[in-house]
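In: My questions concern the predicted model and sequence given below.
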Amino acid sequence: MESNPVLLPGVPQSLSAKFEGSFAYLTIRDRLPTILTKVIDTIHRNKNKFFEEYGEEGVEAEKRAISFLSKLRNELQTDKPVLVLEDAQEDTEAWNRYLQYQRGLQGEHCPVSWFKSPWLYVECYMYRRIQEALCLNPPMSEFDVFCEGKTQSFLESTAAITALCTHLQQIRPTLTHTPESTLMDHLLTLLQVSLWGNKCDLSISAGRDNSQRVSPLDSLSALRAFVLLDDSRQVWAALRSGRDRGQRSRVQVDVVLDNAGFELLTDLVLADFLLASGLANQVRFHGKRFPWFVSDVTGRDFLWTVAQAASSNHTHLSACGGQWRRYLEEGAWSYHDHAFWTLPHEYCDMEWAAPDLYASLSSAHLLLFKGDLNYRKLVGDRDWPHHTPFSVALRGFSPASLCALRTLKANVQVGLAVGQGEGLSKDTPTWMTSGDYAVMQFHSPQQ
Ligand SMILES: O=P(O)(O)OC[C@H]1O[C@](O)(CO)[C@@H](O)[C@@H]1O
Ligand SMILES: [Mn+2]
């Protein structure tokens with residue numbers, strides 16, 4: 001007999017591969033094994049590098065990691081129970097406690113297995129197990145299995161990146177004396193660029209090339225119709241009220257980053273604009289502590305991207321890169337990577353699971369959450385009716401005013417008008433998973 005997970009009243013169940021044919025099911029059946037196969041292949045292709053750096057010990061580590069990951073892929077494909085982590089990292093205990101919690105939810109008759117558990121949990125768990133494979137084989141623990149793809153995604157987007165930096169350099173000198181309405185237009189433009197930058201993740205394409213080749217600025221008007229919710233003027237209002245008070249206090253914007261490559265560039269340009277225009281005087285970026293969801297930004301990606309821009313031959317790109325370096329040196333920009341971002345929690349858990357992070361986010365004037373996974377965590381990756389208010393789906397997560405900038409790549413979406421989601425499902429059945437639609441969804445603690 002299968003027991004049902006415990007549900008809080010009014011909270012819908014988690015998306016899961018147990019719903020055969022669902023996007024979660026297809027992701028776990030098809031996309032995740034493909035990602036694991038690519039990871040195995042990448043490690044194998046780097047065999048010589050491990051040998052050169054660590055001799056026989058490196059080769060042995062490579063073999064053990066490959067065997068670990070092949071076993072992991074088999075566990076996934078045969079729907080085996082999820083195993084406890086056996087490495088000794090700072091988050092190992094938290095992951096194992098979370099597994100206990102899932103066991104409690106599933107009940108003793110239903111194992112916590114790949115196809116029967118919440119999709120959000122098992123998908124995060126796969127990336128943590130990849131990390132375990134490396135941590136258990138020390139010469140490899142710093143190896144980023146997704147580095148090549150992230151680097152390639154940046155390099156293949158060069159034309160789009162230079163177009164964007166040229167735009168910023170052109171408007172930069174005007175920003176201190178430009179009329180309010182023009183400043184707002186610039187902000188709305190760069191928010192849209194950052195939004196659509198999220199189309200370029202490498203998880204949805206299971207690692208296949210997904211870079212931006214044309215100038216993002218030229219496509220914005222054609223993309224307008226695909227923005228289902230546009231709260232960007234509320235972002236403007238929040239920043240303006242901050243700036244008015246900022247004459248006496250600090251206006252801090254936190255960007256919870258998603259993907260490296262083109263998307264990160266769009267975020268850096270937006271953050272640069274916020275400082276150059278005086279709309280903010282501090283930006284804090286939040287990234288991941290270890291490689292995550294194929295293309296997510298780690299500290300190394302962040303610094304590499306800034307350095308890459310600074311050393312470019314292109315005048316405007318190198319000017320931007322130089323400016324970003326100065327922001328980092330002066331502390332106007334900073335990078336943070338709390339362990340919570342690579343745990344499987346819904347963000348409504350943050351206040352008790354990572355009270356220090358919650359308190360730190362509360363000091364921000366505005367939080368920007370980039371991407372699909374952040375959205376899934378914000379609303380708990382649950383089967384909400386589409387007209388559920390965003391504030392309800394956040395379930396108490398409200399450290400500061402926040403805006404989610406997300407292209408839709410998972411079948412969860414809240415905050416739509418009654419009937420809107422159903423209408424879209426009728427006309428365009430893949431609207432929630434194709435990455436063609438997007439939202440800029442705002443919430444303030446006062447709401
Ligand atoms: O980089 P993002 O925008 O968080 O997207 C991650 C992707 O990975 C997925 O988890 C699918 O594997 C989807 O949620 C999403 O398509
Ligand atoms: Mn991502």
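Out: Perfect, I can see it now. Ligands and ions are numbered 1, 2, ... in the order given.
In: Going by C-alpha atoms from here, please, whenever you check contacts or count neighbours.
Out: OK.
In: So which residues on this protein come close to ligand 2?
Out: Residues of the chain that fall close to ligand 2, judged by Cα under 5 Å from the ion: 258-259, 296.
In: Let me know the pLDDT of residue 183.
Out: Looking at residue 183, its pLDDT stands at 97.
In: From residue 60, how far out is it?
Out: Here the distance between residue 183 and residue 60 works out to 57 Å (Cα to Cα, to the nearest Å).
In: Among these two, which residue is more densely surrounded?
Out: For residue 183 against residue 60, the residue with the higher neighbour count under other Cα atoms under 10 Å is residue 183, and the figures read 20 against 17.
In: For the host helix or strand of the more buried one, which helices and strands make contact with it?
Out: Assigned by DSSP states H and E, residue 183 falls within helix 180-197. Helices and strands touching helix 180-197, as assessed by 3 or more Cα pairs under 8 Å, 6 or more residues apart in numbering; DSSP states H and E, comprise helix 216-223, helix 232-246, helix 262-276, strand 402-407, strand 438-443.
In: Could you list the buried residues of whichever helix or strand comes after the first one?
Out: The C-terminal neighbour of helix 216-223 among helices and strands, as given by DSSP H and E, is strand 227-230. In terms of neighbour count (16 or more other Cα atoms under 10 Å), strand 227-230 has its buried residues at 227-230.
In: try stretch 48-62
Out: Those would be 50-51, 58-62, for stretch 48-62 by 16+ other Cα under 10 Å.
In: Let me know whether stretch 359-376 sits next to ligand 1.
Out: Yes: figure legend: stretch 359-376 in contact with ligand 1 (Cα under 6 Å from any ligand atom); contacting residues 371-373.
In: Span of stretch 71-89 from start to end?
Out: For stretch 71-89, the separation between the terminal residues is 21 Å (Cα to Cα).
In: now, which of the buried residues of stretch 48-62 lie within helices?
Out: Secondary structure of the buried residues of stretch 48-62 is defined by DSSP state H; positions in helices are 50-51, 58-62.
In: what angle do the worst-scoring helix or strand of the chain on mean pLDDT and strand 438-443 make?
Out: Among the secondary structure pieces of the chain, namely its helices and strands, helix 232-246 has the lowest mean (mean pLDDT, DSSP states H and E), a mean of 85. The directions of helix 232-246 and strand 438-443 differ by 40 degrees, with axes from the mean of the first three to the mean of the last three Cα atoms, to 10 degrees as the criterion.
In: ok, how many other residues are close to residue 431?
Out: Burial of residue 431 is recorded as 20 neighbouring residues (other Cα under 10 Å).
In: Among the helices and strands packed on helix 180-197, single out whichever gets nearest to ligand 1.
Out: Each of the helices and strands packed on helix 180-197 was checked against ligand 1 via Cα to the nearest ligand atom, and the shortest separation belongs to strand 402-407, namely 6.7 Å.
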